[in-house]
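Participant: have a look at this prediction, sequence included:
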Amino acid sequence: MLNILGRRQRLCDGMSRRDVLQIGALGLGGLTLPHLLRAEQSDRGQSSHKSVIMIYMVGAPPHQDMYDLKLEAPQEIRGEFQPIDTNVPGIQICEHMPGMAKIMDKCVPLRSVYGSPNGAHDSFICYTGHTTQNQPPGGWPAIGPVASKVLGPVNRSVPPFVGLAPDAGHPPYGSPGHPGFLGVGHAAFRPSGPAQDDMVLKGISESRLKDRKALHQALDNLRRDVDVTGTMAGMDTINQQALDILTSSRLADALDLSQEDPAVRERYGKGDPKRFGDGAPRN
């Protein structure tokens, strides 16, 4: 029997809404897919998206010298620094971080996080929450691709996952995280360097661009019949995202640092690769 998925809610006569839909399934013949999708969307209710900025700090003092001073451990283990109180009762941090101690009510130190089971530095577990052992086909996805899959974009012209990590000598340190089994359609959009110039249409109308998209789709249909890896589905997402970016200026405007207050840019840095610690986006 046809089953329209939805939240299971009991009616006053003891029947669920799903039961009613199943009983009346024969009357759904006149409904189209857009009708069903709109009904599903209205059933979900209003949702709000929040932006999350993840900063993976490559290298730092050990946690027992910063946020978890191991006060109960022997002196040779806990380190040489002393704790200071913060503005949150019961939380103490290193004496060399008095500024952070004043805003600790806006921070949540996760003292249970570790690098890897063997004690080595491991960016993979920080990105995914899993070790590299016994991965599923395609690999574990990082937090950014998971957010892209679960939440999706707020605006179609702005990718849900943007990676600003600069290239590093050790590749994992410069990676924003891989999409794993979620597919390439949820990989990070990386607007680094001259790529920003490619986010606007030059000498081509929007209608002509869409004509090219139609031709591209026709050619893809020929390849999709022999695709058994799911790669085409991921590429469809990438192509649609590229079209949305090109037909809207919202992303390019958001990345235009010249619109920011010079004082703000000076405070965060201008992304000078010659200055150690200046990891601001390049202008």
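Facilitator: On my side now, so go ahead. Numbering: from 1, shown residues only.
Participant: tell me, how many residues neighbour the closest residue to F81 other than its chain neighbours?
Facilitator: Counting by Cβ to Cβ, 6 or more residues apart in numbering, F81 lies nearest to C94, which is 5.0 Å off, once chain neighbours are set aside. Every C-beta, even on glycine, is put in place using the N, C-alpha and C of the backbone. By other Cβ atoms under 10 Å, the residues close to C94 number 21.
Participant: in contact with C94, which residues?
Facilitator: By Cβ atoms under 8 Å, 6 or more residues apart in numbering, the contact list for C94 reads D65, M66, Y67, L69, F81, Q82, P83, I84.
Participant: same check, this time on I93
Facilitator: Counting by Cβ under 8 Å, 6+ apart, I93 has contacts M66, Y67, L69, P83, I84, T86, M100, A101, M104, P109.
Participant: mark which of those are part of strands, please.
Facilitator: P83, I84 (DSSP state E).
Participant: now the contacts of I93 in TSV, with pLDDT and distance to G138?
Facilitator: Formatted as TSV, those follow (pLDDT from 0 to 100; distance: Cβ to Cβ, whole Å):
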residue	pLDDT	distance to G138
M66	89	35
Y67	87	34
L69	86	40
P83	91	44
I84	95	46
T86	95	42
M100	93	39
A101	95	43
M104	94	39
P109	84	33
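Participant: weed out the non-buried ones from the contacts of I93.
Facilitator: Buried members of the contacts of I93, counted by 16 or more other Cβ atoms under 10 Å: M66, Y67, L69, T86, M100, A101, M104, P109.
Participant: which of these lies at the shortest distance from P171?
Facilitator: M66 (26.5 Å; Cβ to Cβ).
Participant: hmm, the closest one is touching E95, no?
Facilitator: No: the criterion here is Cβ atoms under 8 Å, and M66 misses it with E95 at 10.6 Å.
Participant: before we move on, the earlier item: next one: the residue nearest to F81, what pLDDT does it get?
Facilitator: We note a pLDDT of 93 for C94 in this prediction.
Participant: neighbours of the nearest residue to H63 once chain neighbours are set aside, just the number please.
Facilitator: Excluding the flanking residues, the one nearest H63 by Cβ to Cβ, 6+ apart is R111, at 7.3 Å. By the criterion of other Cβ under 10 Å, R111 has 10 neighbours.
Participant: R111 touches D68, doesn't it?
Facilitator: Yes: judged on Cβ under 8 Å, R111 makes contact with D68 at a distance of 4.6 Å.
Participant: and F181, how far from K50?
Facilitator: F181 is 25 Å from K50, where distance means Cβ to Cβ, to the nearest Å.
Participant: compare the two (neighbour count), which wins?
Facilitator: Per other Cβ under 10 Å, whichever of F181 and K50 has more neighbours is F181, with 14 against 6.
Participant: what residues are up against that one?
Facilitator: Taking Cβ under 8 Å, 6+ apart, we find F181 in contact with P136, P137, G138, G139, W140, P141.
Participant: so the fifth one: helix, strand or coil?
Facilitator: Looking back up the chat, that one is W140. W140 carries the three-state label coil when classified by DSSP: H, G, I helix; E, B strand; the rest coil.
Participant: need phi/psi at it.
Facilitator: W140 has phi and psi values of phi -80, psi 140 when expressed as degrees, to the nearest 10.
Participant: ok, the nearest residue to M104 once chain neighbours are set aside to K70 distance?
Facilitator: Sequence neighbours aside, T86 is the residue nearest to M104 in space, at 3.6 Å (criterion: Cβ to Cβ, 6+ apart). The gap separating T86 from K70 is 17 Å, by Cβ to Cβ.
Participant: tell me the one of the contacts of I93 nearest F161?
Facilitator: Closest to F161, out of all of these and judged by Cβ to Cβ, is P109, at 25.5 Å.
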